[in-house]
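**Q** next one to model:
(one chain, ligands or ions: 1)
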Amino acid sequence: MHIENLKGRIALVTGAGQGMGRAVAEALSERGATVVINDVSAEAAQKVALDLNASGGTAIAVPADVSRGADVRRMVAQVVERFGAIHVLVNNAGVLRPTAVPEISEEEWDFILGVNLKGTFLCSQAVLPAMKAAQWGRIVNFSSTAGKNVSTVGGAHYTAAKAGVLGLTRHLAKEVARHGITVNAVCPGLIDTEMVRATISDERSQAYARGFPIPRLGRPGEVAELVAFLCSDRAAYITGASLDINGGDLMI
Ligand SMILES: NC(=O)c1ccc[n+]([C@@H]2O[C@H](COP(=O)([O-])OP(=O)(O)OC[C@H]3O[C@@H](n4cnc5c(N)ncnc54)[C@H](O)[C@@H]3O)[C@@H](O)[C@H]2O)c1
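**A** Here you go, the predicted model:
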């Protein structure tokens, strides 16, 4: 039994084919929202939508690359046409590379900034007309501990992108507050997902985690709980905020 009720809300979660995006989609679905599962991988998005429908939820898959404006506009138009609204947007899609500055190519810089920062901008921009029409909206952006400090596993482009997400969050929050739309960021620390597993060894991530006040990696479901709260009516007075969820790794 959950306190927050998202029944009747239409939620779009980007990069929801796995990891924290999937966990967020599950948490919103459990609270009664209709969930649109976006991912650049059509297969992964489809699988999550099938699983949510099998558990009694309502979900559809809409594959798109969030770094491409035309893709994003097509995705949002499809959702609005089908459901008549978008109340919640979770900008979760992200990519990371562990490259040192001298080796970062222009293409890789554009790729990392394109998905993490430009994708967050494009999706937010595209959903605003629907949220303004409803005079209610929740946008939750995925930054990272990297956005406030320095990435543990990613390169400078990742750190820069996640810092950019925090600036975009604050600015947009100020612009749209009068329409009943809140915009917040979450800053996860080291969370046990494929992104981390594909980048560093288990031994290294465990070694990092032993140094945290809560000495373990975070779980995707723990981050999803925070995101689901920010999407609820109960979080109506929180906007422009960045919420840390990192086992105490960074306290600023
Ligand atoms: N795992 C961590 O420790 C950690 C920490 C802080 C922040 N984050 C951030 O949290 C978010 C989720 O990370 P995760 O660990 O679950 O990652 P993940 O790699 O497990 O999942 C990311 C998902 O995004 C999708 N995606 C990638 N590019 C896309 C695009 N262009 N368009 C649409 N979908 C795309 C991928 O296909 C994948 O399904 C990311 O923004 C990440 O940067 C992760």
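
**Q** hey, let's count contacts and neighbours off CA atoms from now on
**A** Will do.

**Q** isn't residue 217 right next to residue 190, touching?
**A** Yes. With contact defined as CA atoms under 8 Å, residue 217 counts as touching residue 190 (5.6 Å).

**Q** low pLDDT regions in the stretch 1-150 of the chain?
**A** Applying pLDDT under 70 to the stretch 1-150 of the chain picks out residues 1-4.

**Q** tell me where it has helices.
**A** 19-30, 42-54, 69-83, 106-113, 119-134, 145-148 (DSSP state H, counting those that start in this stretch).

**Q** now mean neighbour count and distance to the ligand too, for those, in TSV please.
**A** Formatted as TSV, these follow (neighbours: other CA atoms under 10 Å; distance: least, CA to the nearest ligand atom, whole Å):
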stretch	mean neighbour count	distance to the ligand
helix 19-30	25	3
helix 42-54	18	7
helix 69-83	16	9
helix 106-113	17	9
helix 119-134	20	7
helix 145-148	22	6
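
**Q** so which of these comes closest to residue 232?
**A** helix 19-30 (9.5 Å; CA to CA).

**Q** and the closest one, what other elements does it pack with?
**A** strand 10-13, strand 34-37, helix 42-54, helix 220-230 (3 or more CA pairs under 8 Å, 6 or more residues apart in numbering; DSSP states H and E).

**Q** export the helices of the stretch 1-150 of the chain to CSV and tack on distance to residue 212?
**A** Output for the helices of the stretch 1-150 of the chain, formatted as CSV (distance: least, CA to CA, whole Å):
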stretch, distance to residue 212
helix 19-30, 20
helix 42-54, 32
helix 69-83, 38
helix 106-113, 27
helix 119-134, 29
helix 145-148, 13
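
**Q** shared neighbours, residue 217 and residue 190?
**A** 205, 209 (CA atoms under 8 Å, 6 or more residues apart in numbering).

**Q** more neighbours: those two, which one.
**A** residue 190 (27 against 19; other CA atoms under 10 Å).

**Q** for the ligand, see how far away the more buried one is.
**A** Separation of residue 190 from the ligand (CA to the nearest ligand atom, to the nearest Å) stands at 4 Å.

**Q** can you name the residues of the stretch 151-252 of the chain that neighbour the ligand?
**A** 188, 189, 190, 191, 192, 193, 194, 195, 196 (CA under 6 Å from any ligand atom).

**Q** returning to what we had before: for residue 119, which of the helices and strands packed on helix 19-30 is the nearest?
**A** Taking CA to CA, strand 10-13 is the member of the helices and strands packed on helix 19-30 nearest to residue 119, at 12.3 Å.

**Q** pull the longest strand from this structure.
**A** Secondary structure of the chain read by DSSP state E shows that its longest strand is strand 181-188.

**Q** what's the biggest helix in the protein, counting residues?
**A** helix 156-176 (DSSP state H).

**Q** ok, and what's touching that one?
**A** By CA under 8 Å, 6+ apart, helix 156-176 touches 96-97, 99-101, 109, 112-113, 116-117, 120-121, 141-144, 146-151, 181-185, 239-242.

**Q** what residue is smack in the middle of this protein?
**A** Nearest to the geometric centre of the chain sits residue 92, at 2.0 Å (CA atoms, centre = their mean).

**Q** OK, contacts around it?
**A** So residue 92 contacts 13, 14, 15, 16, 20, 21, 141, 142 (CA under 8 Å, 6+ apart).

**Q** what's the closest of these to residue 83?
**A** residue 13 (14.9 Å).

**Q** neighbours around the residue nearest to the closest one when sequence neighbours are not counted, how many?
**A** Leaving aside its chain neighbours, residue 13 sits nearest to residue 90 (4.7 Å; criterion: CA to CA, 6 or more residues apart in numbering). Residues near residue 90, counting by other CA under 10 Å, number 28.

**Q** please begin residue numbering at 42 from this point
**A** Yes, from this point I'll number from 42; that puts the last item at residue 131.
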